[in-house]
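Visitor: Could you work out the structure for the sequence below:
(6 chains)
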There are 6 protein chains.
Amino acid sequence: MPLITVNLIENVFSQEEKAEIITRLTDTMVAIEGENMRSVTWVKIEEVPEGQWGIGGMALTAPMVHKLQSEGGL
Amino acid sequence: MPLITVNLIENVFSQEEKAEIITRLTDTMVAIEGENMRSVTWVKIEEVPEGQWGIGGMALTAPMVHKLQSEGGL
Amino acid sequence: MPLITVNLIENVFSQEEKAEIITRLTDTMVAIEGENMRSVTWVKIEEVPEGQWGIGGMALTAPMVHKLQSEGGL
Amino acid sequence: MPLITVNLIENVFSQEEKAEIITRLTDTMVAIEGENMRSVTWVKIEEVPEGQWGIGGMALTAPMVHKLQSEGGL
Amino acid sequence: MPLITVNLIENVFSQEEKAEIITRLTDTMVAIEGENMRSVTWVKIEEVPEGQWGIGGMALTAPMVHKLQSEGGL
Amino acid sequence: MPLITVNLIENVFSQEEKAEIITRLTDTMVAIEGENMRSVTWVKIEEVPEGQWGIGGMALTAPMVHKLQSEGGL
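Guide: Alright, predicted model coming up:
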C-alpha cells in the first residue's frame, strides 16, 4: 500500500538526486509505518517537461527552479 | 492549493497552445477563488504518447484528434 | 481527451463554486481546442480532507485557506 | 466516466502489449458496466523511465522486471 | 509495478461491482504480463462525489450514469 | 514544484501519523533540494476506502494491513 508519487520538472534533479529521493522517502515512510511494510511501499517519480508546470500562471523552466534553489524567492 | 492537472496526448497541442492552457486555466481558477490565491494555484500538463490513450478501446493518435477538432465526430 | 483534474481541500469551496469550476474550466479549455472537442473534455474535482494537504510541511485547514483568500499571505 | 490509468515502467511492455492492455482492460470494464458505457470508458497508459520506480526503496529497471516475469521472485 | 487506478463517480457501482472490478482487471492484466507479476499488480479505485465529474461541462450524477447504462446516449 | 502525493487506505493511519507523514516527507524532500524550496514543496494525502485497493486481486482492509505491520507477510 503506501504509494508515494513525486511530481517534478525535468532537468531540475540529477539521476543521483532522483535515486536519493526514492531511497530516502521510502526510508522515511518505513520509519513511520514499520519495517514490515517496506516491500509494499512504492515510490515513483513522474516528470513533466520544462514549461509545462505553472505557478500562478508562470511556466517554470529548470534554470528558474535552480535559481530559486540557490537564491530563494520566485 | 488548487492543483490543476491537464492530461493530453502528445503532438496534439503546440508549445504555444500549452502555454496558453497554463495561463488561461490559471486565470479562470483565480477569477473564481480570488487574486490572493494566485501564488498557490498550480497547473501542470502531463502528456502520454500517441497510441497510449484509448476511448472505448480505440487508441488515439494526434491526427485522429486533429480530425475530430476540425470535423467533429469520433 | 483532455482530462482536467482539480485537486482541492474539502470545505474551501461551496457546491456552487465547484459547479462553476467545472463549467468555466471546460469552457476555457474548449475556447482553446475548439467546440468539436467539448464532448471529450472532462473535468473532475478531487478533494482531500482538511489537514491532509501540507505546504512547506504545514497542514492546511479550510479556515486557513479562507484567511489567505481574504487577506493574502500564508 | 470510468477512467482507467495504468502506470508502467518504460521498456517493460512492447507497443503490441500496450495496445492489448488498452483493448482488454476496456473490454473487461465494459463487461461489468454494460456496452452502453463503452464510449465513456477511457484507458490511458503512463510510463516512468527505468530507475524512477522503487519498490521498498529499490529502483527497478526493465531487465529486473523481465527477470521477475520469467523467473518470479524480486 | 503495474499500478491500475480506476476513477469512478460515487453511487454508480455497488460494493460487489467494485470488488469485481478489482478482481477482473487484475486477472486481465496478469493474463498479459504473466502470473509471476500478480503480487506486484495493484488496482485501486478512487471515487469522486456526484456532481464533481463533468463531461463537456455537464456535471454527472449517479442517476444520469445509470440512465446511460440502461438506455444509452448522454 | 515538488508535489508529493501519498495514497493510503482509510483507517490504517491515525491523524497523528498522517500529520507526521506530511511533516517528515517534506523535511526529507527539503533536505535533498535545499531549504529555499520549502514553500513550494507540497505533500497531499489521498485515501481510498477499505476494500478499494487490491494487491494481486485481493482487496485489502485496514485490519489486514495492521496485521501485516505487526506480523509481516501478506
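Visitor: tally of neighbours for the residue nearest to residue A:52 when sequence neighbours are not counted?
Guide: Nearest residue to residue A:52, sequence neighbours excluded (Cβ to Cβ, 6 or more residues apart in numbering or on different chains): residue B:45, at 4.2 Å. C-beta: built from backbone N, CA, C; applies to glycine. Residue B:45 has 23 neighbouring residues, counting by other Cβ atoms under 10 Å in any protein chain shown.
Visitor: Tabulate the CA atom coordinates of whatever helix or strand residue B:45 lives in in PDB.
Guide: Following DSSP states H and E, one finds residue B:45 within strand B:42-48. Extracted C-alpha coordinates of strand B:42-48, given in PDB (Å, rounded to 0.1, in the frame of the first residue of the first chain):
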ATOM      1  CA  TRP B  42      -0.600  25.400  -9.900                       C
ATOM      2  CA  VAL B  43      -1.200  24.000 -13.300                       C
ATOM      3  CA  LYS B  44       0.800  21.100 -14.700                       C
ATOM      4  CA  ILE B  45       0.400  19.400 -18.100                       C
ATOM      5  CA  GLU B  46       1.100  15.700 -18.500                       C
ATOM      6  CA  GLU B  47       1.200  14.100 -21.900                       C
ATOM      7  CA  VAL B  48       1.000  10.500 -22.900                       C
END
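Visitor: what angle separates that strand from strand A:42-48?
Guide: 100 degrees (axes from the mean of the first three to the mean of the last three Cα atoms, to 10 degrees).
Visitor: Quick one: the strands in chain A, in order.
Guide: A:3-9, A:42-48, A:53-55, A:58-59 (DSSP state E).
Visitor: all helices of chain A, in order?
Guide: Secondary structure of chain A (DSSP state H): helices at A:15-33, A:62-71.
Visitor: Pipe those into CSV and attach distance to residue A:55 per row.
Guide: Below are the helices of chain A laid out as CSV (distance: least, Cβ to Cβ, whole Å):
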stretch, distance to residue A:55
helix A:15-33, 20
helix A:62-71, 10
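Visitor: Out of these, which gets nearest to chain E?
Guide: Closest to chain E of the helices of chain A, according to Cβ to the nearest Cβ: helix A:15-33, at 13.4 Å.
Visitor: Chain B contacts on chain A?
Guide: A:7, A:46, A:48, A:51-57, A:59, A:74 (Cβ under 8 Å from any Cβ of the partner chain).
Visitor: Buried subset of the residues you listed, written for ChimeraX?
Guide: Only the buried entries of the residues of chain A next to chain B go into this ChimeraX selection, using 16 or more other Cβ atoms under 10 Å in any protein chain shown:
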select /A:7,46,48,51,52,53,54,55,57,59
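Visitor: what would the residues of chain A next to chain B look like in CSV with pLDDT?
Guide: Formatted as CSV, these follow (pLDDT from 0 to 100):
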residue, pLDDT
A:7, 98
A:46, 98
A:48, 98
A:51, 98
A:52, 98
A:53, 98
A:54, 98
A:55, 98
A:56, 98
A:57, 98
A:59, 98
A:74, 64
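Visitor: ok, of the residues of chain A next to chain B, which one's closest to chain F?
Guide: residue A:7 (4.2 Å).
Visitor: which residues does the most far-flung residue of chain A relative to its centre contact?
Guide: Going by Cα atoms, centre = their mean, the residue of chain A most distant from its centre is residue A:36, 24.4 Å out. The neighbourhood of residue A:36, defined by Cβ atoms under 8 Å, 6 or more residues apart in numbering or on different chains, consists of F:68-72.
Visitor: Could you do residue A:42 as well?
Guide: Residue A:42 neighbours (Cβ under 8 Å, 6+ apart): A:2-4, D:53-55, E:3, E:42.
Visitor: Tell me the residues of chain A that contact chain F?
Guide: A:1-9, A:12-13, A:17, A:20-21, A:24-25, A:28-29, A:31-34, A:36-37, A:40, A:53, A:55, A:60, A:65, A:68-72, A:74.
Visitor: same thing but 7 Å
Guide: A:1-9, A:17, A:20-21, A:24-25, A:28, A:32-34, A:36-37, A:40, A:53, A:55, A:60, A:65, A:68-69, A:72 (Cβ under 7 Å from any Cβ of the partner chain).
Visitor: Of these, grab the buried ones for PyMOL.
Guide: Listed next is the PyMOL selection for buried residues among these, using 16+ other Cβ under 10 Å:
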select buried, chain A and resi 1+2+3+4+5+6+7+8+9+21+24+25+28+33+36+37+40+53+55+60+65+68
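Visitor: Point me to the residue of chain A nearest chain C.
Guide: For chain A, Cβ to the nearest Cβ, closest residue to chain C: residue A:7, 11.3 Å.
Visitor: list the contacts for that residue?
Guide: By Cβ atoms under 7 Å, 6 or more residues apart in numbering or on different chains, the residues touching residue A:7 are A:46, B:44, F:2-3.
Visitor: make it 6 Å
Guide: A:46, F:3 (Cβ atoms under 6 Å, 6 or more residues apart in numbering or on different chains).
Visitor: same check, this time on residue A:47
Guide: Contacts of residue A:47 by Cβ under 6 Å, 6+ apart are A:8, A:10.
Visitor: make it 7 Å
Guide: Residue A:47 touches A:8-10, counting by Cβ under 7 Å, 6+ apart.
Visitor: Of these, which is the nearest to chain E?
Guide: Using Cβ to the nearest Cβ, the contacts of residue A:47 come closest to chain E at residue A:8, 18.2 Å.
Visitor: Show me what the closest one is bridged to.
Guide: residue A:47 (DSSP bridges).
Visitor: Is residue A:11 in contact with residue A:48, as I believe?
Guide: No. With contact defined as Cβ atoms under 7 Å, residue A:11 does not reach residue A:48; the gap is 10.8 Å.
Visitor: How confident was the prediction at the residue farthest from the centre of chain A?
Guide: On pLDDT, residue A:36 comes in at 97.
Visitor: Distance-wise, check it relative to chain E.
Guide: 15 Å (Cβ to the nearest Cβ, to the nearest Å).
Visitor: Quick check: closest non-adjacent residue to that residue.
Guide: residue F:72 (4.3 Å).
Visitor: cool, residue A:60 as well?
Guide: Using Cβ to Cβ, 6+ apart, the closest residue to residue A:60 is residue A:53 (5.2 Å).
Visitor: Tell me the bridge partners for that neighbour.
Guide: With DSSP bridges applied, residue A:53 shows beta-bridge pairing to residue B:44.
Visitor: was I right about it contacting residue B:22?
Guide: No. Contact criterion Cβ under 7 Å: residue A:53 and residue B:22 do not qualify, at 8.1 Å.
Visitor: what's the overlap in contacts for the two?
Guide: Taking Cβ under 7 Å, 6+ apart as the contact rule, residue A:53 and residue B:22 both touch residue A:59.
Visitor: Below-threshold pLDDT in chain A: ranges please.
Guide: Where chain A drops to pLDDT under 70, the residues are A:74.
Visitor: Show the contacting residues for the residue in chain A positioned nearest to chain E.
Guide: As assessed by Cβ to the nearest Cβ, chain E sits closest to residue A:3 within chain A, at 6.9 Å. Residues in contact with residue A:3 (Cβ under 7 Å, 6+ apart) are A:42, E:3, F:7.
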